[in-house]
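Q: pasted the sequence and its predicted model underneath.
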Amino acid sequence: MILTPVMQSFVLHWGEMGNRWGMNRSVAQIHALLYLSHEPISAETIADTLHIARSNVSNSLKELQNWELVSVAQQLGDRRAHFVAKSDIWDILTTIADGRKRREIDPTLTLLRDCATQLSADSSTPCIARQRIENMLEFTTDFSGWYEQMRSLPNRTLFKLMHMGAKIGKLIST
């Protein structure tokens, strides 16, 4: 596979952004390459195109599959697995957001609930720490509930909400 200068720039930038979001640079670059491709790509082609070790490609593809951003696509007459990325940007965004919520918000919410339960029998925790844990629990619960409500809306509705931007605040404040 040959990358144009624009494609190279996109793949490199996506790798940098992925690194800033806490994802391995190679994982993000592979995701970018698959996203740009009009057909499924084998792991060997990915390794050759991005000049990444085959073992790194294999591990990265597993991670992308765990995130549900990439799936296997078999090709007739070829025993090798080929890979394809989701191409709908809303689907990518919601998949990433769902994964982050599942991996980050949900465990935090569980911990905060456990802490709140323990606080009821704990007189040694200072009042300010107790209050901050309760505030964090309330905020995280509200955020999680809001996310679930937004997640249940059709993409068209979310798109309209996004374009309304600050107008929503003006409507609510009146």
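A: Happy to help now that I have it.
Q: select the longest strand from the protein.
A: strand 78-85 (DSSP state E).
Q: tell me what the next helix or strand along the chain from it is packed against?
A: Per DSSP states H and E, the first helix or strand lying C-terminal to strand 78-85 is helix 89-100. The contact analysis (3 or more C-beta pairs under 8 Å, 6 or more residues apart in numbering; DSSP states H and E) places helix 89-100 against helix 127-151, helix 155-164. C-beta: built from backbone N, CA, C; applies to glycine.
Q: and the residue sitting furthest away from the middle of the chain, its phi and psi?
A: Going by C-alpha atoms, centre = their mean, the residue of the chain most distant from its centre is Ser123, 39.5 Å out. With angles defined as degrees, to the nearest 10, Ser123 sits at phi -100, psi -10.
Q: what's the distance between it and Arg130?
A: In this structure, Ser123 and Arg130 are 10 Å apart, going by C-beta to C-beta, to the nearest Å.
Q: packing partners of the lowest-mean-pLDDT helix or strand in the chain?
A: When each helix and strand of the chain is scored by mean pLDDT, DSSP states H and E, helix 167-173 comes last, with a mean of 83. Packed against helix 167-173 by the contact rule (3+ C-beta pairs under 8 Å, 6+ apart) you find no helix or strand.
Q: would you mark the buried spots in that helix?
A: Residues of helix 167-173 include none that count as buried (16 or more other C-beta atoms under 10 Å).
Q: with stretch 125-134 instead?
A: Ile133.
Q: and stretch 55-67, by the same measure?
A: In stretch 55-67, counting by 16+ other C-beta under 10 Å, buried: Asn56, Val57, Ser60, Leu61, Glu63, Leu64, Trp67.
Q: what's the last one in contact with, if anything?
A: If I follow you right, that is Trp67. Thr95, Ile96, Gly99 (C-beta atoms under 8 Å, 6 or more residues apart in numbering).
Q: among the residues you listed, which ones are buried?
A: Applying a neighbour-count criterion of 16+ other C-beta under 10 Å, the buried members of the contacts of Trp67 are Ile96.
Q: which one of the contacts of Trp67 sits closest to Arg151?
A: Distances from Arg151 to these, taken as C-beta to C-beta, are shortest for Thr95 (11.2 Å).
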